[in-house]
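Asks: predicted model and sequence below, questions to follow.
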Amino acid sequence: MSESNNTIDINSEIFQKELEKTWKFIEKVNKEFGFVQNPDKEINDGVAMGLARNKLMYGKRYCPCFIVQGKTEEERKKADNRICPCKPALEKEIPNDGVCHCGLFCTPEYAQKKAKEKEVEEVVHTHSRGLSKDEALLLLQKEQLDGDEVEALLEARELGMVDFKLIDVREPMEYEMAHIKGTDELLPTSQFYNWIDKLIKMPEHIILYCHTGSRSYQVQHILKAQGKENVSNFTYGIITYPGEIIRGI
């Protein structure tokens, strides 16, 4: 696969074969380290597809939750890119938190706990709605937003209280699987250098999101370094969004 080709057909035979290999790789890692999958199947599917995509594009299973640094193979070797299963996950994240950054590899204890939490959330989850215009404008100034805050701001935008652009910086296959209702544009990080100037010059306030908040945080950091102040990040990404999700695949 050409490095310059950022478009992957997820229905193609080559992708489906790589995805099958990726699942076998995931099973091997689980068996070797005693991990289990996240009880949220959507998280597992999204990360697996991202790993397969990166393998086809770059020849390595780079972590799909971070922007792959380097335009050439040599530059990528020099960069501190995470390769699954990454060192931070094995040495820090899973031992300390019970789960890797992307949410794919979990300890049995973590998976059991999350499964129980999900059952409870489905029964008792509540959401505080109904911001005033002043509250919405104030909330929009926050640099880091959680899921409830993003949902409340989208509702406020529908009522004409605030104006902003909700930008998804994941990849097309992730967007097709699921994206937040109200997303204005998809700008994949694999094409980062093609669209970054567009965001820098965009007059509206911007809210960025991705899978877990890592890629969007990196983009936010670069935008702010370039002088764009009116940009917020959905800290924990779409996997924590409590509002309406549009699902495709």
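Replies: Yep, it's here. Not measured: the values here are computed from a predicted model.

Asks: give me every residue that touches the residue nearest the centre of the chain.
Replies: Geometric centre of the chain, nearest residue: His211, 1.5 Å, by Cα atoms, centre = their mean. Contacts for His211 (Cβ atoms under 8 Å, 6 or more residues apart in numbering) come out as 46-47, 50, 64-65, 102, 170, 174, 237-239. Any C-beta I mention is one placed from the backbone N, CA and C, and that applies to glycine too.

Asks: now rank those by neighbours and give me the top one.
Replies: Pro64 (31 neighbours; other Cβ atoms under 10 Å).

Asks: doesn't Met57 make contact with it?
Replies: No. Using Cβ atoms under 8 Å, Pro64 is not in contact with Met57, being 10.6 Å away.

Asks: outside of the host helix or strand of Lys28 itself, list whatever touches it.
Replies: Using DSSP states H and E, Lys28 maps to helix 13-33. Contact with helix 13-33 is made by 1, 8-10, 35-37, 48-49, 51-53, 55-56, 61, 84-85, 90, 94, 104-105, as judged by Cβ under 8 Å, 6+ apart.

Asks: right, and the helix or strand after the helix or strand of the chain with the lowest mean pLDDT?
Replies: Least confident helix or strand, the chain: helix 108-124 with a mean of 74, by mean pLDDT, DSSP states H and E. Using DSSP H and E, the next helix or strand after helix 108-124 towards the C-terminus is helix 133-139.

Asks: just the strands from this structure, written as ranges.
Replies: 36-37, 105-106, 144-145, 164-168, 178-180, 185-186, 205-209, 231-234, 245-247 (DSSP state E).

Asks: domain ranges for this structure, per the record?
Replies: Annotated domains of the chain cover 13-122, 133-247 [automatic domain parsing].

Asks: before we move on, back to that, Leu186: which of the contacts of His211 is nearest?
Replies: Closest approach between these and Leu186, by Cβ to Cβ: Arg170, at 7.5 Å.

Asks: distance of that closest one from Pro188?
Replies: Here Arg170 is placed at a distance of 7 Å from Pro188 (Cβ to Cβ, to the nearest Å).

Asks: do Glu244 as well
Replies: For Glu244, the distance to Pro188 - Cβ to Cβ - is 22 Å.

Asks: before we move on, back to that, can you flag the buried ones in the contacts of helix 13-33?
Replies: 8, 10, 35, 37, 48-49, 51-53, 55-56, 61, 84-85, 94, 104-105 (16 or more other Cβ atoms under 10 Å).

Asks: any regions of this protein where pLDDT drops low?
Replies: Where the chain drops to pLDDT under 70, the residues are 1-7, 118-130, 249.

Asks: quick revisit: export the strands of the chain to TSV and tack on distance to Val219?
Replies: Formatted as TSV, those follow (distance: least, Cβ to Cβ, whole Å):
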stretch	distance to Val219
strand 36-37	28
strand 105-106	25
strand 144-145	13
strand 164-168	8
strand 178-180	16
strand 185-186	13
strand 205-209	6
strand 231-234	8
strand 245-247	21
